[in-house]
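Chemist: Fold the following.
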Amino acid sequence: MSLQVHKELEEKMQKTIKVLKEDLHSIRAGRANPALLDRIVVDYYGSPTPLKQIATISAPEPRLLVIQPYDKSAIQPIEKVITQSDLGINPSNDGKTIRLAIPQLTEERRKDLLKVVKKTGEEAKVAIRNERRDANDKLKKMQKSGELTEDDLKKAEDDVQKATNKYVEIIDELVVKKEKEIMEV
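Modeler: Okay, here's the model as predicted:
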């Protein structure tokens, strides 16, 4: 039975890591990355549609993103949404494509981004710890109901702690990697 709890815990922790990776990808570092636009949603014929479903996004140069809509009538709504987003990039279009020139990050902006990365990493660690608490609560309930012996409970709690340590380490590695990427000039 404790194996079921451990399996659920692993799945939840893996989801937390996946969400962290997505969040870190959306934080702009010094170079152009199509993942920057993953969260952009365009009002396309009255329905909110992710940008990557209505356009091709490429990074032909380190500081340039090119968006080619499948439907040329979508250029204006795409441009409007990007202008209103928190990316801080002004799009330019030539009637067929939209170009996003990624500006060089200032030292102040890099420090702000580092704070965001650390905060995002800390939020992921909190989520992992909450998952650990939930798993331990389930295990204690199982012990109270007689499904687990006290020794089995201790062993299961140790396994939960090992999993927690493993995933916290992964989070630290991801955060350090993103910090290096941001500080790279």
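Chemist: Off-centre distance for the longest helix anywhere in the chain?
Modeler: Taking DSSP state H as the criterion, the chain has its longest helix at helix 107-144. Distance of helix 107-144 from the chain centroid (Cα atoms, centre = their mean, to the nearest Å) equals 13 Å.
Chemist: Next: stretch 94-105.
Modeler: With Cα atoms, centre = their mean, you get 23 Å for stretch 94-105.
Chemist: buried residues in it?
Modeler: Buried residues in stretch 94-105, counting neighbours by 16 or more other Cβ atoms under 10 Å, are found at Thr97, Ile98, Leu100, Ile102, Leu105. Where you see a C-beta, it was placed from the backbone N, CA and C, and this is true even at glycine.
Chemist: Pretty sure the first one sits against Ile67.
Modeler: Yes - distance between Thr97 and Ile67: 6.5 Å, which falls inside the contact criterion (Cβ atoms under 8 Å).
Chemist: secondary structure class for Thr49?
Modeler: strand (DSSP: H, G, I helix; E, B strand; the rest coil).
Chemist: Leaving out sequence neighbours, find the closest residue to it.
Modeler: Val42 (5.6 Å; Cβ to Cβ, 6 or more residues apart in numbering).
Chemist: Would you check that that neighbour makes contact with Ile54?
Modeler: Yes - using Cβ under 8 Å, Val42 is in contact with Ile54, at 6.3 Å.
Chemist: Do a quick rundown of the helices in the protein.
Modeler: 2-25, 51-54, 75-84, 107-144, 150-183.
Chemist: Mind putting these into a markdown table with mean pLDDT, distance to Pro62 and mean neighbour count?
Modeler: As requested, the helices of the chain are exported to a markdown table (pLDDT from 0 to 100; distance: least, Cβ to Cβ, whole Å; neighbours: other Cβ atoms under 10 Å):
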| stretch | mean pLDDT | distance to Pro62 | mean neighbour count |
| --- | --- | --- | --- |
| helix 2-25 | 88 | 16 | 16 |
| helix 51-54 | 87 | 20 | 16 |
| helix 75-84 | 87 | 19 | 16 |
| helix 107-144 | 91 | 16 | 16 |
| helix 150-183 | 91 | 12 | 16 |
